[in-house]
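[1] The amino acid sequence is not available; the structure is as follows:
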DNA sequence: CTCCTTTTGATAATCTTTATCATTCTGATA
DNA sequence: TATCAGAATGATAAAGATTATCAAAAGGAG
Ligand SMILES: [Mn+2]
Ligand SMILES: [Mn+2]
Ligand SMILES: [Zn+2]
Ligand SMILES: [Zn+2]
């Protein structure tokens, strides 16, 4: 299912309502290609809907995260960052620059990676009796811009 | 180089001193097999050296982390956690339980993984002109204990 | 010993996130 | 349509973690 209406389904039957704040947050995450923090999401929401409070943004991102619609990351700058789980970017992993904090999404070699990871998941699940739901792969280092500087 | 004296070398020539608080923190991380938070490290230090303040623990862990002696993680419980980088555990990755927060180190299949990751690193470094220094691989899910409950 | 730099402890300040609680909204039901 | 219970919200207080400050202490070179 595509288009911005694909979320209605996920809310049906979970006892939660797809309210204006929730839909607004989803739309914002759907448009951006960045990894937004709570206050960044709040700032954008605030432009269109000054009545929506930041507590709702915290609660919404937490809910969407628990629902699996949104992925939560800690890249090391002290604030949580969020990204739509099934975005146009598709499945990908991250390069994190220790110099400037830049986050680079990559999905090169992703087929090879997905294949490798899913095999690994199967082996780990069996060996440790651990039911794996998701994974994150982060590479840390120095980006192109920080090298030339 | 092995044994608890292997750190002296790293400090020589970096302009930093291997002081009592720093050596104490290193020894604590060397002994434990857990991923300790700042306040957990502080609590242990405090038993033997009540004079050492928590600010020093923050500063020490940050320094050791920047020196590469210690690895810093955010597992999602709101506090940073630290582990000796070259410990007896060897290179490993993590399973993180969303139920109880338990962290499981694994190094099964690590040879296959290291081989795969180092190839991937090479390709990514070239393609994105990104100098990779380290990586983290986390699998999230439900642990054995949380399943039987 | 003297000077200069590094390190430290105490504590204030900042920043992010969570908890509270009264109010509003929604949808189901009669 | 009027009623009601649960869900959601906004404002704000509270909690927690981390960082900033600053004066004092410690270490090392000469
Ligand atoms: Mn991303
Ligand atoms: Mn570990
Ligand atoms: Zn950079
Ligand atoms: Zn568990």
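    Thanks, I have it. Worth saying up front: this structure is predicted, and the values here are computed from it rather than measured. Ligands and ions are numbered 1, 2, ... in the order given.

[2] Could you list the domains of chain A?
    A:1-87, A:91-149 (automatic domain parsing).

[3] Specify the angle between the lengthiest strand in chain A and strand B:131-142 in degrees.
    If you go by DSSP state E, chain A has its longest strand at strand A:131-142. Angle, strand A:131-142 to strand B:131-142, by axes from the mean of the first three to the mean of the last three C-alpha atoms, to 10 degrees: 160 degrees.

[4] which bits of chain A sit near ligand 3?
    By C-beta under 5 Å from the ion, the residues of chain A that approach ligand 3 are A:97, A:99, A:100, A:102, A:143, A:146. C-betas here are computed from N, CA, C, even on glycine.

[5] which one of these is nearest residue B:65?
    Nearest to residue B:65, judged by C-beta to C-beta, of these is residue A:99 at 15.3 Å.

[6] quick one, what contacts residue A:38?
    A:54, A:57, A:58, A:61, A:79, A:80, A:82 (C-beta atoms under 8 Å, 6 or more residues apart in numbering or on different chains).

[7] Ok, residue A:11 next?
    For residue A:11, the contacting residues are A:17, A:18, by C-beta under 8 Å, 6+ apart.

[8] Return the distance of it relative to residue A:88.
    Residue A:11 is 21 Å from residue A:88, where distance means C-beta to C-beta, to the nearest Å.

[9] Go ahead and name everything in contact with the longest strand of chain A.
    For strand A:131-142, the surrounding residues in contact (C-beta under 8 Å, 6+ apart) are A:71, A:73, A:75, A:93-99, A:113, A:117, A:121, A:124-125, B:95, B:98, B:121, B:124-125, B:130-142, B:147.

[10] Now restrict these to buried residues only.
    Among these, the ones that count as buried by 16 or more other C-beta atoms under 10 Å in any protein chain shown are A:71, A:73, A:75, A:93-98, A:113, A:117, A:121, A:124, B:95, B:98, B:121, B:124, B:130-132, B:135-142.

[11] follow-up on the earlier one: what about the contacts of residue A:38, which are in strands?
    Going by DSSP E, the strands hold A:80, A:82 from the contacts of residue A:38.

[12] now the contacts of residue A:38 in TSV, with distance to residue A:39 and pLDDT?
    As requested, the contacts of residue A:38 are exported to TSV (distance: C-beta to C-beta, whole Å; pLDDT from 0 to 100):
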residue	distance to residue A:39	pLDDT
A:54	7	98
A:57	8	98
A:58	10	98
A:61	11	98
A:79	8	96
A:80	11	98
A:82	12	98
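
[13] Let me have the contacts of residue A:38 in TSV, extended by distance to residue B:35 and neighbour count.
    Shown next, in TSV, are those (distance: C-beta to C-beta, whole Å; neighbours: other C-beta atoms under 10 Å in any protein chain shown):
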residue	distance to residue B:35	neighbour count
A:54	31	14
A:57	30	25
A:58	26	15
A:61	25	23
A:79	21	12
A:80	19	20
A:82	24	26
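
[14] between the contacts of residue A:38, which is nearest ligand 1?
    For the contacts of residue A:38, the closest approach to ligand 1 (C-beta to the ion) belongs to residue A:82, at 9.9 Å.

[15] didn't the closest one look like it was pressed against residue A:69?
    No - under the criterion of C-beta atoms under 8 Å, residue A:82 makes no contact with residue A:69, lying 10.0 Å away.

[16] and stretch A:19-34, anywhere near DNA strand D?
    Yes - Stretch A:19-34 lies within reach of DNA strand D by C-beta under 7 Å from any atom of the strand, at A:19, A:20, A:21, A:22.

[17] What subset of those residues is buried?
    Buried members of the residues of stretch A:19-34 next to DNA strand D, counted by 16+ other C-beta under 10 Å: A:21, A:22.

[18] ok, which pair from the residues of stretch A:19-34 next to DNA strand D is furthest apart?
    The farthest-apart pair in those, when distances are taken by C-beta to C-beta, is A:20 and A:22, at 7.3 Å.

[19] And the residue of chain A that's closest to ligand 1?
    At 4.2 Å from ligand 1, residue A:105 is the closest residue in chain A, using C-beta to the ion.

[20] Can you name the residues bridging to that residue?
    For residue A:105, the beta-bridge partners are residue A:94 (DSSP bridges).

[21] So which of the contacts of residue A:38 is the closest to chain B?
    residue A:80 (8.8 Å; C-beta to the nearest C-beta).

[22] Need phi/psi at residue A:96.
    Per-residue torsions, residue A:96: phi -120, psi 120 (degrees, to the nearest 10).

[23] if we can go back for a sec, pLDDT (mean, whole number) over the longest strand of chain A?
    Averaging pLDDT along strand A:131-142 yields 95.
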